[in-house]
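Novice: coords please:
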Amino acid sequence: MSDIPAAFSDPPRKSKVSKFKWVSIVGIPLAAILFQVYVPRFFTYLAYLEMPLLVTVYFSLMRRSPPFGVLLGMCIGLAQDSLSNHPLGMFGIVKTLVGYFAASVSQRFETNNAVLRLVLAFFFFFFHQFFYWVLARALLGEAVSFEPLQTLVLAVLNAAVAVPLFHILDRLKVTD
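Specialist: Numbers count the residues shown, from 1 in each chain. As a prediction, this is how the structure comes out:
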């Protein structure tokens, strides 16, 4: 008899890859980017929401494919860069990494759990902000400030928005 418990010796189970219509994969990120650019101009208290990031995390988690996560993150990030006053490529690089890591995490864990989605949204928001700060200092030489406490609060707020948003986006899945 083996000394390894059955839970550790079984191969990881394959989770179902979610499929979406191409209109959803293009339209929802576009709507999120437009939300990010235009809504804070009218409602300044919504400027903390990082909707393109949340959409990148959601689709990367649901598709469970690192190459898809990389391409989605890159496209969303570059589109966001082109409509913002930030240097071109900064959001592209950061969201590419977020897409890759979110898709990689989804291959290991079942990501349909609301608590896990909350934790992942929190983590990826903090990662996004921290890595943007690192890139701005390293690549651009800008003295951008990083406020950990403020970032933690904003991460909690974005995670709180992510759970119902992800639930709404779940309804757009294509069933086989």
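
Novice: all contacts plus neighbour counts: C-alpha atoms, from now on.
Specialist: Fine.

Novice: Give me the helices and strands touching the longest helix anywhere in the chain, please.
Specialist: For the chain, the longest helix by residue count, based on DSSP state H, is helix 114-139. When contacts are defined as 3 or more CA pairs under 8 Å, 6 or more residues apart in numbering; DSSP states H and E, helix 114-139 sits against helix 51-63, helix 90-108, helix 148-170.

Novice: now do 7 Å
Specialist: With contacts taken as 3 or more CA pairs under 7 Å, 6 or more residues apart in numbering; DSSP states H and E, helix 114-139 sits against helix 90-108, helix 148-170.

Novice: mind listing what's buried in stretch 97-112?
Specialist: 97-107, 110-111 (16 or more other CA atoms under 10 Å).

Novice: Now for these: which two are most distant?
Specialist: Using CA to CA, the pair of the buried residues of stretch 97-112 lying farthest apart is 97 and 110, separated by 20.3 Å.

Novice: Give me the residue ranges of this protein where confidence is low.
Specialist: Within the chain, the segments meeting pLDDT under 70 span 1-15, 176.

Novice: hmm, back to that, check the buried residues of stretch 97-112 against residue 153 and report the nearest one.
Specialist: When the buried residues of stretch 97-112 are compared for distance to residue 153 (CA to CA), residue 98 wins out at 19.4 Å.

Novice: which ones are touching the closest one?
Specialist: 57, 73, 124, 128 (CA atoms under 7 Å, 6 or more residues apart in numbering).

Novice: Can you pick out the most distant pair from those residues?
Specialist: Within these, two members stand farthest from each other by CA to CA: 73 and 124, at 12.4 Å.

Novice: Tell me which of these two has more neighbours.
Specialist: When neighbours are counted by other CA atoms under 10 Å, residue 73 and residue 124 differ, and residue 73 comes out ahead with 30 against 23.

Novice: Quick check, the more buried one in contact with residue 93.
Specialist: No - Residue 73 lies out of contact with residue 93 (CA atoms under 7 Å); the separation is 8.1 Å.

Novice: quick revisit: pick the most buried one from the helices and strands packed on helix 114-139.
Specialist: Neighbour counts (mean count of other CA atoms under 10 Å) averaged over each of the helices and strands packed on helix 114-139 peak at helix 90-108, with a mean of 23.
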